[in-house]
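# What follows is a predicted structure for the sequence shown.
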Amino acid sequence: QKEVEQDPGPLSVPEGAIVSLNCTYSNSAFQYFMWYRQYSRKGPELLMYTYSSGNKEDGRFTAQVDKSSKYISLFIRDSQPSDSATYLCAMTADRMDSSYKLIFGSGTRLLVRP
Amino acid sequence: DTGVSQDPRHKITKRGQNVTFRCDPISEHNRLYWYRQTLGQGPEFLTYFQNEAQLEKSRLLSDRFSAERPKGSFSTLEIQRTEQGDSAMYLCASYSWPGRSTDTQYFGPGTRLTVL
(Lines give C-alpha, C1' and ligand atoms only; values in the text may rest on other atoms or scores of the structure.)
Protein backbone atom coordinates (compact mmCIF):
# COMPACT_ATOMS: atom_id res chain seq x y z
CA GLN A 1 0.00 0.00 0.00
CA LYS A 2 1.27 3.44 -0.92
CA GLU A 3 1.87 6.02 1.80
CA VAL A 4 -0.27 8.53 -0.09
CA GLU A 5 -3.37 7.55 -2.04
CA GLN A 6 -5.02 9.75 -4.64
CA ASP A 7 -7.78 8.95 -7.12
CA PRO A 8 -6.26 9.25 -10.61
CA GLY A 9 -9.52 10.39 -12.24
CA PRO A 10 -10.06 11.78 -14.76
CA LEU A 11 -12.50 14.16 -13.16
CA SER A 12 -14.60 16.04 -15.71
CA VAL A 13 -16.66 19.05 -14.61
CA PRO A 14 -18.43 21.94 -16.37
CA GLU A 15 -16.95 25.42 -16.20
CA GLY A 16 -17.97 27.22 -13.02
CA ALA A 17 -18.32 24.07 -10.94
CA ILE A 18 -16.77 23.57 -7.53
CA VAL A 19 -14.07 20.91 -7.69
CA SER A 20 -13.06 18.73 -4.78
CA LEU A 21 -9.76 16.84 -4.89
CA ASN A 22 -8.63 14.54 -2.10
CA CYS A 23 -5.77 12.49 -0.75
CA THR A 24 -5.46 10.04 2.10
CA TYR A 25 -2.24 9.07 3.80
CA SER A 26 -1.00 6.53 6.28
CA ASN A 27 2.05 8.11 7.92
CA SER A 28 1.01 10.06 11.02
CA ALA A 29 4.39 11.83 11.02
CA PHE A 30 3.42 13.96 8.03
CA GLN A 31 3.07 17.58 9.13
CA TYR A 32 3.42 19.63 5.95
CA PHE A 33 0.96 19.30 3.09
CA MET A 34 1.15 20.72 -0.39
CA TRP A 35 -0.85 20.79 -3.58
CA TYR A 36 0.94 21.12 -6.88
CA ARG A 37 -0.60 21.65 -10.30
CA GLN A 38 1.09 20.04 -13.29
CA TYR A 39 0.26 20.77 -16.89
CA SER A 40 1.10 18.15 -19.49
CA ARG A 41 4.85 17.74 -19.97
CA LYS A 42 5.65 20.51 -17.48
CA GLY A 43 7.10 20.58 -13.97
CA PRO A 44 4.84 20.73 -10.88
CA GLU A 45 3.79 24.23 -9.81
CA LEU A 46 3.12 24.91 -6.14
CA LEU A 47 -0.49 25.94 -5.46
CA MET A 48 -1.07 25.61 -1.74
CA TYR A 49 1.05 24.83 1.30
CA THR A 50 -0.37 24.12 4.74
CA TYR A 51 1.04 23.05 8.07
CA SER A 52 -0.78 20.59 10.33
CA SER A 53 -4.60 20.63 10.48
CA GLY A 54 -6.90 23.41 9.39
CA ASN A 55 -7.94 25.40 6.35
CA LYS A 56 -6.10 27.80 4.10
CA GLU A 57 -7.65 29.93 1.40
CA ASP A 58 -5.98 31.63 -1.55
CA GLY A 59 -8.25 33.14 -4.17
CA ARG A 60 -10.36 30.39 -5.71
CA PHE A 61 -8.41 27.67 -3.91
CA THR A 62 -9.01 26.28 -0.42
CA ALA A 63 -6.86 23.58 1.16
CA GLN A 64 -8.08 21.54 4.11
CA VAL A 65 -6.13 19.17 6.33
CA ASP A 66 -7.72 16.72 8.76
CA LYS A 67 -4.87 14.97 10.51
CA SER A 68 -7.18 12.92 12.72
CA SER A 69 -8.59 11.27 9.59
CA LYS A 70 -5.33 11.47 7.61
CA TYR A 71 -7.22 13.21 4.83
CA ILE A 72 -6.47 16.36 2.84
CA SER A 73 -8.57 18.20 0.30
CA LEU A 74 -8.25 20.93 -2.29
CA PHE A 75 -11.32 22.85 -3.37
CA ILE A 76 -11.42 24.95 -6.52
CA ARG A 77 -14.28 27.42 -6.82
CA ASP A 78 -15.59 28.78 -10.12
CA SER A 79 -13.45 26.33 -12.07
CA GLN A 80 -12.07 27.48 -15.42
CA PRO A 81 -10.90 25.54 -18.48
CA SER A 82 -7.40 26.78 -17.66
CA ASP A 83 -7.61 24.74 -14.43
CA SER A 84 -7.49 21.57 -16.53
CA ALA A 85 -4.33 19.84 -15.35
CA THR A 86 -3.10 17.09 -13.06
CA TYR A 87 -3.24 17.94 -9.36
CA LEU A 88 -0.65 16.32 -7.13
CA CYS A 89 -0.82 16.21 -3.36
CA ALA A 90 2.49 16.01 -1.53
CA MET A 91 3.48 15.79 2.10
CA THR A 92 6.46 15.48 4.37
CA ALA A 93 7.36 15.06 8.00
CA ASP A 94 8.75 17.67 10.35
CA ARG A 95 10.72 20.24 8.42
CA MET A 96 13.65 19.70 10.71
CA ASP A 97 13.67 16.10 9.52
CA SER A 98 16.96 15.32 7.88
CA SER A 99 15.65 15.14 4.33
CA TYR A 100 12.33 17.01 3.99
CA LYS A 101 11.76 14.82 0.92
CA LEU A 102 8.27 15.04 -0.49
CA ILE A 103 5.98 12.02 -0.80
CA PHE A 104 3.52 12.46 -3.63
CA GLY A 105 0.18 11.01 -4.56
CA SER A 106 -0.21 9.70 -8.09
CA GLY A 107 -2.15 12.80 -9.18
CA THR A 108 -5.74 13.46 -10.23
CA ARG A 109 -6.42 14.57 -13.80
CA LEU A 110 -8.96 17.37 -13.93
CA LEU A 111 -10.81 18.44 -17.07
CA VAL A 112 -12.97 21.57 -16.95
CA ARG A 113 -15.35 21.67 -19.91
CA PRO A 114 -16.22 25.09 -21.39
CA ASP B 1 8.90 30.29 -14.02
CA THR B 2 10.01 29.17 -10.55
CA GLY B 3 13.65 30.10 -11.04
CA VAL B 4 14.79 26.47 -11.22
CA SER B 5 16.09 25.59 -14.67
CA GLN B 6 16.89 22.22 -16.21
CA ASP B 7 18.73 21.26 -19.34
CA PRO B 8 18.01 19.65 -21.71
CA ARG B 9 14.23 19.68 -21.67
CA HIS B 10 14.01 16.53 -23.73
CA LYS B 11 16.60 13.84 -24.41
CA ILE B 12 16.20 10.88 -26.76
CA THR B 13 18.87 8.22 -26.55
CA LYS B 14 19.48 4.64 -27.50
CA ARG B 15 19.64 1.86 -24.96
CA GLY B 16 23.12 1.49 -23.55
CA GLN B 17 24.15 5.12 -24.02
CA ASN B 18 25.09 7.45 -21.16
CA VAL B 19 23.15 10.65 -20.54
CA THR B 20 23.71 13.64 -18.26
CA PHE B 21 21.18 16.20 -17.09
CA ARG B 22 21.80 19.54 -15.46
CA CYS B 23 19.82 21.48 -12.86
CA ASP B 24 20.36 25.09 -11.82
CA PRO B 25 18.49 25.80 -8.57
CA ILE B 26 17.24 29.09 -7.18
CA SER B 27 20.51 30.81 -6.30
CA GLU B 28 20.00 31.22 -2.56
CA HIS B 29 18.70 27.68 -2.02
CA ASN B 30 21.14 25.37 -0.29
CA ARG B 31 19.17 22.15 -0.88
CA LEU B 32 18.67 20.49 -4.23
CA TYR B 33 16.49 17.43 -4.86
CA TRP B 34 16.13 15.03 -7.77
CA TYR B 35 12.85 13.19 -8.42
CA ARG B 36 11.73 10.82 -11.15
CA GLN B 37 8.20 10.78 -12.53
CA THR B 38 6.82 8.06 -14.77
CA LEU B 39 3.61 8.34 -16.76
CA GLY B 40 0.52 8.46 -14.59
CA GLN B 41 2.49 8.58 -11.34
CA GLY B 42 3.59 11.27 -8.94
CA PRO B 43 7.26 12.22 -8.60
CA GLU B 44 9.42 9.84 -6.57
CA PHE B 45 12.41 10.97 -4.56
CA LEU B 46 15.83 9.96 -5.88
CA THR B 47 18.44 11.94 -3.93
CA TYR B 48 19.19 15.29 -2.38
CA PHE B 49 22.11 17.60 -1.65
CA GLN B 50 22.72 20.15 1.02
CA ASN B 51 25.30 22.47 -0.48
CA GLU B 52 27.78 20.08 -2.10
CA ALA B 53 27.10 17.10 0.17
CA GLN B 54 24.85 14.29 -1.06
CA LEU B 55 22.96 13.36 2.08
CA GLU B 56 20.49 10.69 1.01
CA LYS B 57 19.93 8.34 -1.91
CA SER B 58 16.76 6.37 -2.62
CA ARG B 59 16.75 2.66 -3.37
CA LEU B 60 15.50 3.77 -6.80
CA LEU B 61 18.95 5.17 -7.51
CA SER B 62 20.75 2.14 -8.91
CA ASP B 63 24.50 1.91 -9.42
CA ARG B 64 24.03 3.23 -12.94
CA PHE B 65 22.90 6.58 -11.57
CA SER B 66 25.23 9.19 -10.15
CA ALA B 67 24.57 12.74 -9.06
CA GLU B 68 26.92 15.55 -8.17
CA ARG B 69 26.76 19.11 -6.95
CA PRO B 70 30.45 20.01 -6.96
CA LYS B 71 30.33 23.64 -5.87
CA GLY B 72 27.02 23.65 -4.11
CA SER B 73 25.32 25.43 -7.00
CA PHE B 74 24.21 23.48 -10.08
CA SER B 75 23.83 19.70 -10.05
CA THR B 76 24.22 16.97 -12.65
CA LEU B 77 22.49 13.60 -12.82
CA GLU B 78 24.17 10.98 -14.98
CA ILE B 79 22.66 7.69 -16.08
CA GLN B 80 25.08 5.14 -17.47
CA ARG B 81 24.09 2.31 -19.80
CA THR B 82 20.53 3.54 -20.12
CA GLU B 83 17.67 1.05 -20.17
CA GLN B 84 14.16 1.46 -21.52
CA GLY B 85 12.88 1.46 -17.95
CA ASP B 86 14.79 4.70 -17.36
CA SER B 87 12.38 6.55 -19.64
CA ALA B 88 10.74 9.13 -17.39
CA MET B 89 10.61 12.80 -16.48
CA TYR B 90 13.52 13.77 -14.23
CA LEU B 91 12.62 16.68 -11.99
CA CYS B 92 14.85 18.93 -9.97
CA ALA B 93 13.65 20.97 -7.00
CA SER B 94 15.36 23.43 -4.70
CA TYR B 95 14.70 24.58 -1.19
CA SER B 96 16.19 26.89 1.42
CA TRP B 97 16.83 24.90 4.60
CA PRO B 98 15.86 25.40 7.35
CA GLY B 99 14.07 28.38 5.86
CA ARG B 100 10.83 29.92 7.01
CA SER B 101 7.67 28.04 7.90
CA THR B 102 6.19 29.09 4.55
CA ASP B 103 9.06 27.73 2.46
CA THR B 104 8.89 24.53 0.48
CA GLN B 105 10.35 22.97 -2.65
CA TYR B 106 10.10 24.64 -6.04
CA PHE B 107 10.38 22.49 -9.12
CA GLY B 108 12.04 23.00 -12.46
CA PRO B 109 10.40 22.17 -15.80
CA GLY B 110 11.95 18.70 -15.89
CA THR B 111 13.99 16.72 -18.40
CA ARG B 112 12.01 14.14 -20.31
CA LEU B 113 14.16 11.11 -21.14
CA THR B 114 13.15 8.66 -23.85
CA VAL B 115 15.27 5.53 -24.20
CA LEU B 116 14.75 3.71 -27.49
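That came through fine. All values derive from a computational prediction rather than experimental measurement.
# drop to CA atoms for contacts and neighbour counts, all remaining ones
Will do.
# Tell me the residues of chain A that contact chain B?
With Cα under 8 Å from any Cα of the partner chain as the criterion, chain A comes near chain B at residues A:8, A:42-46, A:49, A:88, A:95-96, A:99, A:101-107.
# Quick check: which ranges of chain B have low pLDDT?
B:101-102 (pLDDT under 70).
# switch the cut-off to 80
The model of chain B has pLDDT under 80 over residues B:1-2, B:98-103.
# for it, what spans make up the strands?
For chain B, the strands defined by DSSP state E occupy B:5-7, B:10-13, B:19-24, B:31-37, B:44-50, B:53-57, B:65-68, B:75-79, B:88-95, B:106-107, B:111-115.
# show me what contacts the spatially closest residue to B:Leu91 that is not a sequence neighbour?
Nearest residue to B:Leu91 in three dimensions, chain neighbours excluded: B:Gly110, at 4.4 Å (Cα to Cα, 6 or more residues apart in numbering or on different chains). Contacts for B:Gly110 were tallied using Cα atoms under 8 Å, 6 or more residues apart in numbering or on different chains; they are A:42-43, B:6, B:9, B:89-92.
# Near chain A, which residues of chain B are found?
Counting by Cα under 8 Å from any Cα, chain B sits next to chain A at B:2, B:33, B:40-45, B:48, B:55-56, B:91, B:98, B:102, B:104, B:106-110.
# who's sitting farthest from the centroid in chain A?
A:Ser98 (23.6 Å; Cα atoms, centre = their mean).
# Secondary structure class of that one, three-state.
Here A:Ser98 is coil, with the state taken from DSSP: H, G, I helix; E, B strand; the rest coil.
# now the strands: where do they sit in chain A?
Assigned by DSSP E, chain A shows strands spanning A:4-6, A:11-14, A:19-25, A:32-38, A:45-51, A:54-58, A:61-66, A:71-76, A:85-92, A:103-104, A:108-113.
# Quick one: neighbours of B:Ser66, just the number.
By other Cα atoms under 10 Å in any protein chain shown, 15 other residues sit near B:Ser66.
# Is it correct that it is in contact with B:Leu60?
No: look at B:Ser66 against B:Leu60 with Cα atoms under 8 Å: they stay out of range, at 11.6 Å.
# where does chain A dip in pLDDT?
In chain A (pLDDT under 80), the answer is A:1, A:52, A:94-98.
# picking that back up, A:Thr108 versus the residue farthest from the centre of chain A, what's the distance?
Remark: distance between A:Ser98 and A:Thr108 (Cα to Cα, to the nearest Å) = 29 Å.
# State the distance from the residue nearest to the spatial centre of chain B to B:Leu91.
For chain B, B:Trp34 is the residue whose C-alpha lies nearest the centre (Cα atoms, centre = their mean; 3.1 Å). Per Cα to Cα, B:Trp34 is found 6 Å from B:Leu91.
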